[in-house]
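Engineer: Sequence first, then the predicted structure:
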Amino acid sequence: MNDQQRQQNYDDMVKRLSPKSEKPFSLLKAFVVGGLICTLGQGFKDLALQVLRLDQEGASLFCSFCLIFLSALLTGLGVYDRLGKFAGAGSIVPITGFANSIVSPAMEFKREGFVTGVGAKMFVVAGPVLVYGISTSVAVGLLYYVLGLLGG
């Protein structure tokens, strides 16, 4: 059996054994859940503006705080994992997904202690995102600065 036949056999096996995706339904679930999370965030912001009488900046901070707190709490209670299984990418709206990505490893490694477990492992998932995000923003900022010097 040559390499091409092996590859074809492998491809056939993967197609046969892979679970069938219901893409339209999965996309709809992700869209609805992501939209509901964003709507909840807008509700928190409106509450802060109208009831608590905060300014725009304070209302945005209040909204962020509430979404982070709720996603961390729901992760700790195991609810966010079920939401993620149901909604897929719809559950990882940036702020709630980020909070989940920090709390999950922290909970997983808490038995190893607060320093070597929680402290060392809580950024296992989110750490690379932070490193590359910050590094990219610094690189783009330097490029913008240099181009500004050359152009003006």
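Structural biologist: In hand now; what should we look at?
Engineer: what's in contact with stretch 141-151?
Structural biologist: Applying CB atoms under 8 Å, 6 or more residues apart in numbering, stretch 141-151 has no contact partners. For glycine as for every other residue, the C-beta is placed from the backbone atoms N, C-alpha and C.
Engineer: before we move on, what about stretch 24-32?
Structural biologist: By CB under 8 Å, 6+ apart, the surrounding residues in contact with stretch 24-32 are 86-91.
Engineer: Contacts only, for Asp46.
Structural biologist: Asp46 is in contact with Ala59, counting by CB under 8 Å, 6+ apart.
Engineer: now the helix or strand containing it, how far from the chain's geometric center?
Structural biologist: Using DSSP states H and E, Asp46 maps to helix 23-50. Here helix 23-50 is found 14 Å from its chain centre; the criterion is CA atoms, centre = their mean, to the nearest Å.
Engineer: let's number from 42 now, not from 1
Structural biologist: Okay, using 42 as the starting number, the last item reads as helix 64-91.
Engineer: in it, what counts as buried?
Structural biologist: For helix 64-91, the buried set under the neighbour-count rule, 16 or more other CB atoms under 10 Å, comprises 70-71, 74-75, 78, 81-82, 85-86, 89-90.
Engineer: can you put those in JSON lines and add pLDDT and distance to Ile136?
Structural biologist: Formatted as JSON lines, the buried residues of helix 64-91 follow (pLDDT from 0 to 100; distance: CB to CB, whole Å):
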{"residue": "Lys70", "pLDDT": "93", "distance to Ile136": "20"}
{"residue": "Ala71", "pLDDT": "92", "distance to Ile136": "17"}
{"residue": "Val74", "pLDDT": "94", "distance to Ile136": "14"}
{"residue": "Gly75", "pLDDT": "92", "distance to Ile136": "12"}
{"residue": "Ile78", "pLDDT": "94", "distance to Ile136": "9"}
{"residue": "Leu81", "pLDDT": "96", "distance to Ile136": "11"}
{"residue": "Gly82", "pLDDT": "95", "distance to Ile136": "8"}
{"residue": "Phe85", "pLDDT": "97", "distance to Ile136": "11"}
{"residue": "Lys86", "pLDDT": "97", "distance to Ile136": "12"}
{"residue": "Ala89", "pLDDT": "97", "distance to Ile136": "15"}
{"residue": "Leu90", "pLDDT": "97", "distance to Ile136": "18"}
